[in-house]
Each structure stands twice: as structure tokens, then as C-alpha cells.
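Visitor: Next input, structure requested:
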Amino acid sequence: MKDIRRKVRRTQTVVPFGVGGIIDLRGESFVAADIRSWPLAVEGIESPRLAKKLRVDGFRSAPVIPSGKAAFVTRVGPVYVRFPGWLFCPQCRHMQYWGKGQEMRDKPPSCKRCAGEPQLAPMRFIQVCRAGHMADIDWRRWAHSKSEEHAQRQCRVRRLRFIASPDSSGLEALLVVCVACRAGRNLLGISQKNSLRQIGQQCTGNHPWRIDANGSEPCEEPPRAVQRGASNVYFPITHSAIDIPAPAGSPQEEGIMRKVADNKLWPHYVSAVGGPGSDALASAIAEQCDVSTEFVKSVYRREVEEVSSTSQGDPGDDLSIAEWSAFSAPESVSGSKTFSVRRTGLGLDAGVPASLEELNKAISAVVVADRVREVRALEGFSRYEPHSRDDEDGEGGRFVSVDTLGRANWLPAVETYGEGIFIAVDEQRLRTWELLPDVRDRARRIERDLEASFKADRLREKTGPSLLPRFVMLHTLAHHFIRQLSYDSGYNAASLRERVYARSHEPGRSHPPQAGVFIYTAAGDAEGTLGGLVRQGQPPYLAETLIRLLESAQWCSQDPLCADSTGRSLANLNRAACHACTLLPETCCEIDNSLLDRALLIGDGQVPGFFGGIVRAALEESAEAVDPR
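Guide: Sure, this is the predicted structure:
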């Protein structure tokens with residue numbers, strides 16, 4: 001017996017086949033219904049920090065369908081509705097609208113006209129609008145839209161054929177023809193902006209899973225014809241957070257922390273953090289309170305996290321600040337079953353080559369995470385254009401909640417476990433580099449493109465109010481780090497993910513400066529992953545990996561076109577970065593392979609790269625090894 005069970009992995013119920021997303025399974029096409037269709041008996045997921053940011057009570061994960069024979073009788077998973085409803089037979093080419101009443105359990109739609117009853121195929125084009133609605137195109141109206149005869153214009157028969165003509169190519173060769181009156185029209189021009197409005201078609205104001213629920217709403221947005229698998233059909237809006245345990249500390253330690261915060265020098269230290277006098281003030285407070293300087297800094301980080309968690313002015317900061325505090329000072333948090341980190345280093349002793357000595361000065365901290373837990377939640381989606389929270393003129397796609405009625409107080413999510421490597425660069429060296437005129441001018445030109453981009457609102461949540469050179473540099477470092485680790489650690493690039501921490505200290509803001517990257521792998525298995533990243537994060541492997549990635553960043557098979565680029569990728573948000581040298585699979589990157597530039601990483605002759613000195617020293621050492629003279 002043929003196994004026709006339709007399976008979706010639990011992690012896929014958030015991205016890419018979350019609520020509103022289209023999935024193709026064995027020649028069939030379905031769309032995920034909203035969370036009102038989810039069963040009541042689902043597994044809850046705890047993530048207080050993420051829940052507070054998204055203002056929900058909690059998260060739930062899709063239930064696991066048992067394997068074997070039990071899967072045939074279990075129907076507790078999320079609901080996927082067949083879409084589009086218009087199908088055609090690949091043999092006789094007759095079209096048929098497949099309604100809900102025609103569905104048969106575990107049987108795909110088939111053509112009853114042809115011998116062998118071949119499976120029907122879904123139509124390639126559908127209609128969407130910027131309000132997030134999606135529906136079938138009225139193919140009967142399309143077929144008769146070019147009719148000149150009165151009988152054809154008055155025809156109301158829905159018997160259609162989808163014909164592929166051998167006399168032409170492309171969309172011009174595909175025709176929808178009425179069987180009754182012989183009226184027909186090819187698909188040439190169907191993707192034009194007003195093609196559907198010109199034939200009198202309006203938006204249905206509905207979603208495919210609400211067709212039978214009389215849940216349509218008035219919609220004035222023009223419908224747009226798009227291909228079913230096009231990238232602008234579905235823009236999921238997701239959020240993720242790493243599970244950070246509470247700061248370590250006994251009641252006695254809490255009293256000492258309070259003593260530090262009450263010190264008369266404390267306000268001066270808080271205002272000076274990130275400046276040249278902060279270390280001296282921290283040492284003075286430590287001496288007066290009889291604690292270590294690192295303890296004083298950990299108190300500041302904890303105070304900042306508490307202030308940020310209650311601040312409503314910049315909710316995007318909440319998650320990054322707590323994570324940065326935990327990774328940059330692993331001693332300040334208590335270990336748990338879901339979060340285990342430890343400080344290591346590059347392991348470089350005196351007398352190492354100049355390139356490694358420069359690398360040791362540039363890297364201020366290395367932390368390996370033996371175990372981390374990440375929660376990824378789906379808040380909603382948009383269609384045709386990405387959603388912009390600051391959009392007031394309605395030019396972007398409208399946000400559609402995962403609960404289209406807006407009654408649920410929870411969001412769908414998945415929890416994943418894994419391991420990772422955290423690297424922080426020296427703040428003082430970084431700040432000096434950022435003040436160089438060529439570096440600032442390079443970042444300013446990228447920021448101008450960012451301001452004009454439709455993705456500006458979403459990218460600002462990661463970059464902060466202004467695009468700093470450190471963000472582009474560290475983001476590029478993270479991409480090359482992942483590419484190099486895919487060779488060294490045993491994981492493929494698609495299984496690794498990045499988190500970039502690149503905020504500077506700003507007057508009037510409570511968060512400390514950030515300058516680091518966290519590369520990690522996360523899998524749905526509760527046992528996590530196998531230790532390949534942790535091994536590469538320890539001496540002597542990490543230093544070798546960093547040197548190799550910086551050397552490889554010099555070369556690209558697309559040079560000089562890539563190196564000399566003044567704007568690449570969508571909205572010109574990249575400079576010296578392309579698929580051949582820097583870009584990664586979409587699952588790896590936080591911001592869709594945007595804001596990348598090798599020039600800020602290693603330099604290009606005009607712009608000094610942050611790691612340019614290391615690359616030059618490594619090249620000189622290689623030249624001396626080849627020709628000792």
C-alpha cells in the first residue's frame with residue numbers, strides 16, 4: 001500500500017510553513033491555517049523574556065505525531081488547508097475547482113475523466129494583496145476577459161481547460177480556455193500591477209482557511225497575481241530568544257551588590273561606562289566595597305538588564321542586553337540544564353607570530369556554550385510586501401496575526417537546543433577604528449541605502465537607531481566564521497546560526513556597549529548537538545580558524561566586481577559581499593543576508609579593515625616562509 005501521509009517537521013510549523021505559509025507535498029499544495037485550528041492539548045514552552053517582549057502569556061508547540069501505524073489514526077496536528085482550489089489534469093488539461101466537500105481522507109485529488117485517474121495539479125498563479133489576504137484567481141473571468149462576441153461575454157459556465165500551446169513559449173504559451181464558448185486568454189501579462197483589476201476582480205478580503213466561515217472583511221487593496229511559490233507570497237514575522245538563567249547570587253551576595261550600587265561613586269561610573277575613565281572608577285568602587293573589579297562590572301550589567309526589561313521606549317533592546325551580559329560575563333549567571341557557558345581563550349603564549357599576536361589583541365573574550373536553548377516564535381506574517389511597524393502611509397504589507405480573530409493570548413513556537421562559540425572584540429580598538437574618516441564614510445553610504453530600503457524598520461531592530469561600522473564588520477565576520485566552521489567543525493553551513501551584538505554606548509541610554517558575535521547550532525532534539533563547535537572554540541583550534549577565515553575573506557571568484565561594488569543585493573544593502581564569498585543560507589542570517597561588506601572586515605586599499613593588520617602580518621609570514629631571504 002502506498003504511504004501518502006503528509007508530514008511536516010515540528011520546527012517547520014514556525015518557519016517556513018507557519019500560519020499563512022504555503023507548502024508543496026508530493027504534487028499537492030496546502031496553506032497553514034491560523035492557530036484557532038490547533039488542538040487544545042499542545043505542549044507549552046517557557047520563555048519569560050520573549051513573552052514579555054511580545055506581550056503574550058506564553059508559547060505553544062505543535063504536537064508530535066507518533067510514528068508507525070499510530071500516525072494513521074492520530075489527527076492532532078496543525079491544520080493545513082488545500083490551496084489553491086483550482087486544479088487541472090496534466091493529461092486532459094481540464095480544470096476543476098476542488099471544494100472542501102470533495103476531500104477524501106489520505107487521498108489526493110484525481111481526474112475521473114482519464115484512465116488511471118491521474119492526480120490533479122494545482123494552478124501556478126494565485127492572488128494576494130498588501131492587506132495579507134490570499135485567494136484563487138477567478139479563472140472563468142480571466143478566460144472571458146478578452147472576449148469580443150456577445151455570447152462569450154455572457155457565458156457563465158465554469159468548465160475550463162488549461163492548455164499549453166506548442167506554438168509559443170513562456171506565459172504566452174499557457175492559455176485558460178472556456179470549454180462551452182471557446183473563449184480564452186493566455187497568461188502573458190498576468191503579473192502586471194493592475195492585471196486583475198482590469199478584468200473587474202476585487203480582493204475577497206479573506207484567508208483560504210476562513211472561506212467557509214463567513215469571515216471575509218471589506219478590503220480596498222488591489223489584488224496582485226503572483227506565482228504560488230514566489231518569495232513575496234509570504235513574509236513571516238518571527239522572534240527568537242536564548243534562554244538566560246537568573247544571575248547567580250546568594251542573599252549575602254545580593255547585599256554586597258546593593259552596597260556597590262549605593263556607593264557614592266556609582267552614578268559617576270554609570271555615566272562613564274564605555275569611556276576612558278570607567279575602569280578607574282570601577283577599581284575605586286571595588287576597593288571601597290572590598291570586591292573585585294569584575295564584580296562591580298557585573299553589578300552594572302545586571303542593573304542595566306533590569307532597567308531595560310522594564311523600559312517601554314526600546315523593546316528591541318531587551319533580549320540582546322541580557323544575552324550580551326550573560327556571554328560577556330559568564331561568571332555572572334548561574335548554570336542550568338539549558339544554559340551552560342564557560343570562558344576560554346585563544347591560548348596564545350608569548351613568542352607567537354605577529355599575526356597571532358595582533359589577533360590576541362583584537363579579541364577580548366572567548367566563551368564556549370556547551371548547551372544553550374533557543375525559543376523561536378511566529379508572531380504573524382504579511383504578503384506581497386514586508387510589514388513595517390513604522391509605516392503610516394500604508395505602503396508596506398499589513399501585519400496579519402497568527403490568530404486572525406485576535407483572541408488568543410499565546411503564539412506558536414519551537415524550542416531548540418545546541419552549542420556555540422561567543423567572541424567579543426576589544427572595545428577600545430574598535431572605537432578607535434570606528435572614528436577613522438574612511439570607515440565612517442563607508443558606513444554612512446550604506447546607511448543612506450538602508451534609509452531608502454523597505455526593510456529599514458525591521459533591520460533597525462537589529463542595528464539600533466543608527467548603523468554603526470561595527471555592526472557591518474561584525475555581521476560580515478559572523479558570515480565568514482560560519483563558512484569556515486562548516487569546513488572545520490563537521491556541521492554544514494545551513495545548520496549554523498548567528499547572533500550579532502553591536503551596540504555602542506549612547507548618552508541617555510542604559511545599555512552597555514556591545515561588540516561580539518555568537519555562532520551556534522540548534523536542533524529540535526532535546527539532546528542538542530554533538531560538540532563540534534565547542535571543540536573549535538577551544539585552543540588551539542579557534543585561533544587557526546580565525547586566521548583562515550580572514551585569509552579566505554580576501555579572495556572572491558567574482559573579484560574585482562565584488563570587491564569594487566557600490567551596492568549589491570536587494571536595495572543595495574551590501575557592498576563587497578556576494579554568494580561566492582560571504583552570503584549564507586537564509587536560515588543562518590538574522591537579517592536576510594543584508595548589511596555585509598568585506599572591506600570593513602579586512603580592508604580594500606581605501607578603507608582600513610578592522611582585521612586588516614592581522615591579514616597583512618599573515619601574508620608577510622607566508623611570504624617569508626616561501627622565500628626566507
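Visitor: quick one: the helices in the stretch 101-250 of the chain?
Guide: Ranges of helices in the stretch 101-250 of the chain, per DSSP state H, counting those that start in this stretch, are 139-144, 150-153.
Visitor: so can I have TSV of those helices showing mean neighbour count?
Guide: (Each C-beta comes from the backbone N, C-alpha and C, glycine too.) Below are those laid out as TSV (neighbours: other Cβ atoms under 10 Å):
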stretch	mean neighbour count
helix 139-144	21
helix 150-153	12
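Visitor: Let me know which of those helices is the nearest to residue 498.
Guide: helix 139-144 (43.9 Å; Cβ to Cβ).
Visitor: Let me see the mean pLDDT of the closest one.
Guide: For helix 139-144, the mean per-residue pLDDT is 90.
Visitor: Identify the residues contacting that helix?
Guide: With contact meaning Cβ atoms under 8 Å, 6 or more residues apart in numbering, helix 139-144 is reached by 86, 95, 123, 152-153, 155-158, 160, 176-178, 181, 183-185, 190, 199-201.
Visitor: ok, back up a step: now for the helices of the stretch 101-250 of the chain, which one comes closest to residue 132?
Guide: Taking Cβ to Cβ, helix 139-144 is the member of the helices of the stretch 101-250 of the chain nearest to residue 132, at 22.5 Å.
Visitor: just checking, next helix/strand downstream of the one helix or strand residue 485 maps to?
Guide: Following DSSP states H and E, one finds residue 485 within helix 469-488. The C-terminal neighbour of helix 469-488 among helices and strands, as given by DSSP H and E, is strand 496-501.
Visitor: Any buried residues in stretch 144-160, and which?
Guide: Neighbour-count burial for stretch 144-160, counted by 16 or more other Cβ atoms under 10 Å, picks out 144-145, 147, 152, 155, 158, 160.
Visitor: out of the contacts of helix 139-144, which are inside strands?
Guide: Taking DSSP state E as the definition of strands, those contribute 86, 95, 160, 176-178, 184-185.
Visitor: buried subset of those?
Guide: 86, 95, 160, 176-178, 184-185.
Visitor: that older thread, buried stuff in the helix holding residue 485?
Guide: 469-486, 488.
Visitor: and residue 493, how many neighbours?
Guide: Per other Cβ atoms under 10 Å, the neighbour tally for residue 493 reads 16.
Visitor: got the contact list for it?
Guide: Contact analysis of residue 493 by Cβ under 8 Å, 6+ apart lists 482-483, 486, 584-585, 588.
Visitor: Secondary structure element for the closest residue to residue 426 other than its chain neighbours, which one?
Guide: Excluding its sequence neighbours, the residue lying closest to residue 426 (Cβ to Cβ, 6 or more residues apart in numbering) is residue 364, at 4.4 Å. Here residue 364 is covered by strand 363-382, with elements defined by DSSP H and E.
Visitor: Does anything pack onto that strand? Which helices or strands?
Guide: Contacts defined by 3 or more Cβ pairs under 8 Å, 6 or more residues apart in numbering; DSSP states H and E place strand 363-382 against helix 48-54, strand 235-242, helix 317-328, strand 340-343, strand 400-401, strand 410-425, strand 516-523, helix 532-536.
Visitor: picking that back up, make JSON lines out of the contacts of residue 493 and add distance to residue 264.
Guide: Converted to JSON lines, these look like this (distance: Cβ to Cβ, whole Å):
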{"residue": "482", "distance to residue 264": "47"}
{"residue": "483", "distance to residue 264": "50"}
{"residue": "486", "distance to residue 264": "52"}
{"residue": "584", "distance to residue 264": "50"}
{"residue": "585", "distance to residue 264": "53"}
{"residue": "588", "distance to residue 264": "48"}
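Visitor: Among these, which one lies nearest to residue 30?
Guide: residue 585 (23.9 Å).
Visitor: before we move on, the earlier item: weakest of the helices and strands packed on strand 363-382 by average pLDDT?
Guide: Lowest mean pLDDT within these: helix 317-328, a mean of 80.
Visitor: how far does that helix sit from the chain's center?
Guide: Relative to its chain's centre, helix 317-328 lies at 18 Å (Cα atoms, centre = their mean, to the nearest Å).
Visitor: tell me which residues of that helix are tucked away?
Guide: Of all the residues in helix 317-328, those buried under the rule 16+ other Cβ under 10 Å are 317-328.
Visitor: and which of the residues you listed is nearest to residue 292?
Guide: The shortest gap between residue 292 and any of these belongs to residue 328, at 15.6 Å (Cβ to Cβ).
Visitor: hang on, the closest one packs against residue 516?
Guide: Yes. If you go by Cβ atoms under 8 Å, residue 328 and residue 516 touch, sitting 6.9 Å apart.
Visitor: intersection of neighbour lists for those two?
Guide: Contact criterion Cβ under 8 Å, 6+ apart; residues bridging residue 328 and residue 516 by contacting each: 365, 422, 424.
Visitor: List the contacts of the first one.
Guide: Contact analysis of residue 365 by Cβ under 8 Å, 6+ apart lists 328, 343, 422-424, 516.
Visitor: Skip ahead from the lowest-mean-pLDDT helix or strand in the chain and say which helix or strand is next.
Guide: Lowest on mean pLDDT, DSSP states H and E among the helices and strands of the chain sits helix 70-73, with a mean of 49. On the C-terminal side of helix 70-73, the closest following helix or strand by DSSP H and E is strand 80-82.
Visitor: roughly how far is that next one from the heart of the chain?
Guide: 25 Å.
Visitor: Does anything pack onto that strand? Which helices or strands?
Guide: Judged by 3+ Cβ pairs under 8 Å, 6+ apart, strand 80-82 is in contact with strand 28-32.
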